[in-house]
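**Student:** pasted the sequence and its predicted model underneath.
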Amino acid sequence: MAALLSLSLATAVMMAFHRYATASLVEEITAAGGRVAAQVEHQKAAAPLAGHKDRKLQIVDPRGVVVASTPQLKGRPVMAGFTPDSRNIDIATVCGGVFPSGECDIVVAQSAHRAGQDWIVYSASPEVPALVDPGLATTVGGIAALLAVAVTILGNRIVSASLRPVTAIQTELDKINETCPGRRVPLPRSQDEIYELADSVNHTLGRLQAAMTQQRNFTKDASHELRSPIAAIRAEVEDALHAPEETTVTKVGNTVLGSLDRLEAIVRDLLTIAGMDGGKQVGHEPIDLAELLTAAVGSRPHAKKTYEYSLEPGVTVIGDRAWLSRLLTNLIDNAERHAATTVLFHVHHTPSHKRNARRFPKGVAVLEVIDNGPGIDPDKRELVFQRFARLDTARDRSAGGTGLGLAIARQIAEAHNGTLRIEDCSHGARFVLRLPCARVRTYGNVP
C-alpha cells in the first residue's frame, strides 16, 4: 500500500513537472516566433531566425511559399497545414511531415501583416519527453522509494504500538473463564478508542460476573427449596413403610399432596422466571387496570380477609394480560398472607413529572395494595424482591409462598416499563405498582 501511494505521488509530481515544462516551452516557442513576426512586419528579418538549436522556424509569404527557415528545414515544405485563428495565433502538435520520423513537435503559427498582406511565421520545437529529464525522473523515483520504505517502517511501528494493548486484552480474555470471572482486561494508558474498548469489555465482564453469581445463588436456593418438600415426602413415606399400622393411606396422601402442591408451585414459578429471563415477548393489548384487579380478586375461591376498594375506572395500560394477572395475583397472595384482617386496593391515574415524562408520556397508572399486617422495615424493603428471599416473619412454610412471587411481580412490572416498590404507610405494608398509562376514560364527572 505504501509503495502504491508513493508511486501515485511520484506520478502526480512528474505530471506536474511535465505540464509546467510544456507550458514554459510553448511560451518560448511563441516568443521566438513573435520576434520573427515583428521583424517580418518591419521588413528586417535576418539570419539566424532562432538562437536555439532545437527551435525550427519558417516564414511563409501570402502565396504559401517558404521564403526563409532555420537550417534544419532548409528546402523543406511548410511544416504545418493550419493557419492562425482570429487571435492571429494558433498552437498544435504535429508529428512526422517535415520533422524526423517518430518525432512530434509543438508548432505555433502567428500572423505577420506586411504591405497589406498576411504572412505566417511558424515556430516549432520537439515536445517535452514524458519523464521531462532523466535526472529529474531518477530523483523523484528515488524520493518516492525512500518515502515508501519510511512509511512502511513507521506504519509498522505505529500499528505494532497500537495493537499492543489489543494483544494484551486478547491474552487476558483468553485466560478468563468460569473459574476466574473476577479478572479484568488491562486498561491502556492512552485515553483513546482502545481504552474505551477495554473499559466496555470490563463493564461487560462485570455484568457477566454478576449474572453468573446470581445464577449460582439462584440454582443453590432453588435446590434448597425443592429439597425441603422432597424430604418431607420421603420422610412421610418411610414412616408409613416402617410403621404401617400407625398411619392410613388418607393421612399419608394428604401429607404428600401438600408437599406436591408446594413442589408444583415452585416449578411453576421457576418456569415463569425462565420464560421472562429468556426474553419472552410481552403482549400489547389495552387493559383496564381496575377491571383486571376485580377479575383477579373475584377468581379466588375463598376470601380469607376483608377486601376494600378505591378504584378509578378507565385507567388503561398496554401490556400482556396473562403476565399482569400473574403480577396482581402474586401481590394479592402476599397481602392476604400477611394482612391481619383487611387488604385495601387503590387504582388511580396521576400525571407524570418532568423527570419521568419520557417513561410515562401519558401519565402514570398506579395500583396500591395495602395490608394491615406487621409491615416491612425500610431497610428490608428491597430484600423481599430478591428470589427466594424471606423475612423472619415469613419463614414459616405453613404460611405458603415459594419466595419467588414478589421477584416475579417486579420483573413483570419492569418488562412493562413500570416499577414496583414498597412505600411508606401508617400501618402494614404498601406495595405501589406504577405503569405507563395508555389513556383515561371519563365517566361523568369522574376522570
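**Tutor:** Perfect, I can see it now.

**Student:** how close does A322 sit to Q411?
**Tutor:** 14 Å (C-beta to C-beta, to the nearest Å). Any C-beta I mention is one placed from the backbone N, CA and C, and that applies to glycine too.

**Student:** to clarify, my last question referred to N88.
**Tutor:** 93 Å.

**Student:** just the strands in the stretch 301-447 of the chain please.
**Tutor:** 306-311, 315-319, 342-350, 364-371, 419-423, 429-440 (DSSP state E, counting those that start in this stretch).

**Student:** select the longest helix from the protein.
**Tutor:** Across the chain, the longest stretch assigned as helix under DSSP state H is helix 193-242.

**Student:** other SSEs contacting it?
**Tutor:** Contact here means 3 or more C-beta pairs under 8 Å, 6 or more residues apart in numbering; DSSP states H and E; on that basis helix 193-242 packs against helix 134-175, helix 249-277.

**Student:** angle of that helix against helix 134-175?
**Tutor:** Computed by axes from the mean of the first three to the mean of the last three C-alpha atoms, to 10 degrees, the angle separating helix 193-242 from helix 134-175 equals 20 degrees.

**Student:** who's more crowded, A322 and Q411?
**Tutor:** Q411 (19 against 10; other C-beta atoms under 10 Å).

**Student:** so what's the residue nearest to the more buried one when sequence neighbours are not counted up against?
**Tutor:** Ranked by C-beta to C-beta, 6 or more residues apart in numbering and with sequence neighbours excluded, the top spatial neighbour of Q411 is M276, at 5.3 Å. Neighbouring residues of M276 by C-beta atoms under 8 Å, 6 or more residues apart in numbering: 408, 411-412, 415.

**Student:** if we go to 10 Å?
**Tutor:** 282, 323, 408, 411-412, 414-415 (C-beta atoms under 10 Å, 6 or more residues apart in numbering).

**Student:** just T22 next, same as before
**Tutor:** 106, 127-128, 132.

**Student:** what subset of those residues is buried?
**Tutor:** 106, 127-128, 132 (16 or more other C-beta atoms under 10 Å).

**Student:** distance to S223 and secondary structure added to these, as CSV?
**Tutor:** Formatted as CSV, the buried ones among the contacts of T22 follow (distance: C-beta to C-beta, whole Å; DSSP: H, G, I helix; E, B strand; the rest coil):
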residue, distance to S223, secondary structure
I106, 96, strand
E127, 92, coil
V128, 90, coil
V132, 86, coil
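
**Student:** D333 reaches V297, doesn't it?
**Tutor:** No: assessed by C-beta atoms under 10 Å, D333 is found out of contact with V297, at 11.3 Å.

**Student:** got a pLDDT number for I412?
**Tutor:** With respect to pLDDT, I412 scores 91.

**Student:** what about it, how many neighbours?
**Tutor:** 25.

**Student:** likewise the one 5 residues further on?
**Tutor:** Per other C-beta under 10 Å, the neighbour tally for N417 reads 15.

**Student:** before we move on, what about R387?
**Tutor:** Neighbours of R387 (other C-beta under 10 Å): 20.

**Student:** look up the closest residue to it, ignoring the ones flanking it.
**Tutor:** A407 (4.5 Å).

**Student:** burial count for A80?
**Tutor:** Neighbours around A80, by other C-beta under 10 Å: 20.

**Student:** please list all residues in contact with it.
**Tutor:** Per C-beta under 10 Å, 6+ apart, neighbours of A80: 58, 60, 90, 92-94, 97-98, 105, 107-109, 120, 122, 124.

**Student:** same thing with L49?
**Tutor:** 32-33, 35-36, 39, 55-59, 68-71, 73, 121, 123.

**Student:** filter these down to the buried ones, ChimeraX style.
**Tutor:** Of these, the buried ones can be selected in ChimeraX as follows, counting by 16+ other C-beta under 10 Å:
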select :32,33,35,36,39,55,56,57,58,59,68,69,70,73,121,123
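
**Student:** among the contacts of L49, which lie within strands?
**Tutor:** Taking DSSP state E as the definition of strands, the contacts of L49 contribute 56-59, 68-69, 121, 123.

**Student:** using TSV, lay out those together with pLDDT.
**Tutor:** Formatted as TSV, the ones in strands among the contacts of L49 follow (pLDDT from 0 to 100):
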residue	pLDDT
K56	86
L57	89
Q58	86
I59	88
A68	86
S69	86
V121	89
S123	90
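
**Student:** reformat those residues as a markdown table; add distance to T22.
**Tutor:** Shown next, in a markdown table, are the ones in strands among the contacts of L49 (distance: C-beta to C-beta, whole Å):
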| residue | distance to T22 |
| --- | --- |
| K56 | 17 |
| L57 | 19 |
| Q58 | 22 |
| I59 | 25 |
| A68 | 27 |
| S69 | 24 |
| V121 | 21 |
| S123 | 15 |
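
**Student:** for L263, give its distance to G403.
**Tutor:** From L263 to G403 the distance is 14 Å (C-beta to C-beta).
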